[in-house]
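# okay, here's the prediction I keep looking at, along with the sequence it came from:
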Amino acid sequence: MPSRTIYDVEHTTGGHVTRRALLGTAVSGLLVSGCSSMSSGPAAPKPVDPQVVLLRSLIAAKEQMIELYQRGTLSENVPASALAPFQERHAAHLAAFRKLLPADAAATPSAAGTPSPAPTSAVSVKKLRDAERKAAAGRPAQMAQASPALSQLLASVGACEAVHVMALGGLRG
Amino acid sequence: MADPLAKALAAEHAAVYAYGVIGAKTTGKLRARATTSFDAHRARRDQLRALINQRGVEPAEPAPTYRLPFEVTTSSDAVRLAVVVEQRLVTAYLELAADADAAVRRVAALAAQESATRAYGWQPAVTAFPGMPGQTASPAQPDGAGEETDDTTGDTTDEATDGTGDTSATTETIDPTPIASEPVAAQ
């Protein structure tokens, strides 16, 4: 009698998440919305896509998080190498968010990723942990406004941030 | 085929079953952690049942038994199984995170965070995108939250965090991106 393992996959359902499909769906959706708004004529003010607004805020927040980690590396109590993996994961989140932004929206000042000034003051691990906790706690509300694909991405990013809270608890400083 | 809500419930049913096994193969702090996790998954299971009921659908009952992805004979095996269970729940909840209902998305977000942190508690390793396929976990920080697993052999690090588990004890392939849990076929 055939039996199945506890976690056999239903390959044919197409229901599982793939990053390519996830991001591709979101990008195409945003591109379509961008194209349709282009045909509305130059005189009419183009309404800003709420997803673009959300993405810009997500990008800005991630940039702030990365900057916070850069300041964390100035702390004498924590070696920079210990924080580097955290920064790298946040950079990956930032790249994923930016990838979802339509090309025309990416050119706007708020989303251009202007380089931040060199960090000058150190922050503690506790502050980094608080920032991670706050970021993770905010994901459900952001997901309520997000496209399905962006919502999935935010759920994953929030899970990473929640793990960061735990992982930072193992550091001192 | 089952929608993401039903899939998440199936995954929670499987998790409840798996934690029964994990609890039986562990002692001390690990067993306490297994018990806490067991209770947490029962609560999520009941929450998902309620959400499914609200949609006018009868939620699926658990299967009488499940076939584990690998043989669990030691506490190290049990830890590895716990990591696999939690990682796959994160994937199930990511799928649910696309639901049209914001309240369901919230449940999915919180449950994904809980499972991801629970997986870290069992085995401290971090990925940038938990629950998404193709993720390679970074090793834990030197003295991270997984110290309670030190009564395991520690040999689970590479195997359990790649999302595939050890399939040598089964005759079927475990896909690295599974979502659904399937019971043993009716006897």
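Great, that's in hand.

# for the lengthiest helix in chain A, output the C-alpha coordinates as CSV.
Assignment by DSSP state H gives helix A:50-72 as the longest helix of chain A. As requested, C-alpha coordinates have been extracted for helix A:50-72 and formatted as CSV (Å, rounded to 0.1, in the frame of the first residue of the first chain):
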residue,chain,number,x,y,z
PRO,A,50,-0.1,52.6,-3.1
GLN,A,51,2.3,49.7,-3.6
VAL,A,52,5.0,52.1,-4.7
VAL,A,53,4.4,54.2,-1.7
LEU,A,54,4.6,51.2,0.6
LEU,A,55,7.8,50.0,-1.1
ARG,A,56,9.4,53.4,-0.8
SER,A,57,8.7,53.4,2.9
LEU,A,58,10.0,49.8,3.2
ILE,A,59,13.2,50.8,1.4
ALA,A,60,13.7,53.8,3.5
ALA,A,61,13.3,51.8,6.7
LYS,A,62,15.7,49.2,5.5
GLU,A,63,18.3,51.8,4.7
GLN,A,64,17.9,53.1,8.2
MET,A,65,18.3,49.7,9.6
ILE,A,66,21.5,49.1,7.6
GLU,A,67,22.8,52.5,8.8
LEU,A,68,22.1,51.5,12.3
TYR,A,69,24.2,48.4,11.9
GLN,A,70,27.0,50.5,10.5
ARG,A,71,26.9,52.5,13.7
GLY,A,72,26.7,49.2,15.6
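
# so where's the chain uncertain?
I'll assume chain A. Applying pLDDT under 70 to chain A flags the ranges A:1-43, A:106-119, A:173.

# look at chain B instead
Within chain B, the stretches falling below the threshold (pLDDT under 70) are B:1-2, B:136, B:139-187.

# can you do 50?
B:142-187 (pLDDT under 50).

# related to what we said a few turns ago, tell me which other helices or strands the longest helix of chain A touches.
In terms of contacts (3 or more CB pairs under 8 Å, 6 or more residues apart in numbering or on different chains; DSSP states H and E), helix A:50-72 is packed against helix A:19-38, helix A:80-100, helix A:103-106, helix A:125-145, helix A:148-168. (Each C-beta comes from the backbone N, C-alpha and C, glycine too.)

# go with 7 Å
In terms of contacts (3 or more CB pairs under 7 Å, 6 or more residues apart in numbering or on different chains; DSSP states H and E), helix A:50-72 is packed against helix A:80-100, helix A:125-145.

# list the buried residues in the first one.
If you call a residue buried by 16 or more other CB atoms under 10 Å in any protein chain shown, then helix A:80-100 has these buried ones: A:82-83, A:85-87, A:89-94, A:96-97, A:100.

# quick check: angle from the longest helix of chain A to helix A:148-168?
Angular relation of helix A:50-72 and helix A:148-168 on a 0 to 180 degree scale: 20 degrees, by axes from the mean of the first three to the mean of the last three CA atoms, to 10 degrees.

# tell me which residues are up against helix A:50-72.
The set of residues that contact helix A:50-72 without belonging to it, under CB atoms under 7 Å, 6 or more residues apart in numbering or on different chains, is A:30, A:78, A:83, A:86-87, A:90-91, A:93-94, A:97-98, A:100-102, A:105, A:110-111, A:113, A:116, A:119, A:121-123, A:125, A:128, A:131, A:135, A:142, A:145-147, A:150.

# identify each buried residue in that helix, please.
A:51-52, A:54-56, A:58-59, A:61-63, A:65-72.

# then stretch A:157-169?
Along stretch A:157-169, these residues count as buried under the neighbour rule (16+ other CB under 10 Å): A:157, A:158, A:159, A:160, A:161, A:162, A:163, A:164, A:165, A:166, A:167, A:168.
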